[in-house]
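In: Okay, predicted coordinates and the sequence, questions at the end:
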Amino acid sequence: MTGQTPSNLDNMRAGKLYWMPDPEILAIQARATAQCAEFNAAQFPDAAARVAFLRRAFTRYEPGFMSQPQRWWFGQLQIGPGCFFNVDCQLLDNAPVTFGAHVLVGPRAQFITATHPLEPEARALYDAGGKRIPGGNGMTRPVVIGDNVWIGASAIILPGVTAGAGSTIGAGSLVTRDIPPGVLAAGNPCRVIRKI
């Protein structure tokens, strides 16, 4: 790619500023969300069929269990062995979301990798005539969940967060910063309560 201007997709994958309603990005998202809808509607005959489907849909999927329904956007999910996902999780995976081994995810947990610049003009989009158009400029930050982490129901994990191995994130927590290994953390904003 030397000498070429990076595409919006390249910038999204690199965590750089990109134009969010880009046609190439929207096409990839449309394919992934169609797979998500197919997953949610499927009646899998056995565990092997479920695993095979999720291996096609995600960057990496090792056997575990993912309940239905779920919501993902791009399929940039890397899921280690023995993970369990309860219902209605939101996986806004514009950047990779990585789960280690034996992670437990409560219902309606959210993993967000997309963000925007703080300055209004930096996130605004305009057409050739200077008229503001829907959408905006965004950036991405990957999320990493370590081995043996338990994410409580309706917890929200924000862009760029890493949750250390063996930690528990309390239900309803808003996780804005990294959580160290081996702790109970909860609240809004999420903070360490005690070591486990």
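Out: Alright, I've got the coordinates. Numbering: from 1, shown residues only.
In: which helices and strands sit right next to the least confident helix or strand in the chain by mean pLDDT?
Out: Of all helical and strand segments in the chain, the minimum by mean pLDDT, DSSP states H and E falls on helix 120-123, at a mean of 87. Using 3 or more CB pairs under 8 Å, 6 or more residues apart in numbering; DSSP states H and E, the elements in contact with helix 120-123 are strand 137-140. The way it works is simple: take the backbone N, C-alpha and C, and place the C-beta from them, glycine included.
In: tell me what the helix or strand following the strand it packs on is packed against?
Out: Once the chain leaves strand 137-140, the next helix or strand it forms, by DSSP states H and E, is strand 143-145. Using 3+ CB pairs under 8 Å, 6+ apart, the elements in contact with strand 143-145 are strand 97-99, strand 110-112, strand 162-163.
In: Direction included, what does the next helix or strand after the second one pair up with?
Out: Scanning the chain past strand 110-112 towards its C-terminal end, the next helix or strand to appear is strand 114-115 (assignment: DSSP H and E). Looking at strand 114-115 with DSSP bridges, its partner strands are strand 137-140 (antiparallel).
In: How far away from the center of its chain is the strand it pairs with?
Out: 14 Å (CA atoms, centre = their mean, to the nearest Å).
In: Stretch 47-65 now?
Out: Distance, centroid of stretch 47-65 to centroid of chain: 17 Å (CA atoms, centre = their mean).
In: Figure out the length between the terminal residues of it.
Out: 8 Å (CA to CA, to the nearest Å).
In: Can you check the pLDDT for Lys16?
Out: pLDDT, Lys16: 94.
In: check contacts around the nearest residue to it once chain neighbours are set aside.
Out: Excluding the flanking residues, the one nearest Lys16 by CB to CB, 6 or more residues apart in numbering is Met139, at 6.8 Å. Neighbouring residues of Met139 by CB atoms under 8 Å, 6 or more residues apart in numbering: Gly15, Lys16, Leu17, Tyr18, Ala114, Thr115, His116, Pro117, Pro159.
In: How about the least confident helix or strand of the chain, which residues are buried there?
Out: Arg123 (16 or more other CB atoms under 10 Å).
In: Next one: the residue of the chain most remote from its centre, what pLDDT does it get?
Out: Each residue of the chain has a distance to the centre, and by CA atoms, centre = their mean the biggest one is for Gly129: 35.0 Å. pLDDT for Gly129: 91.
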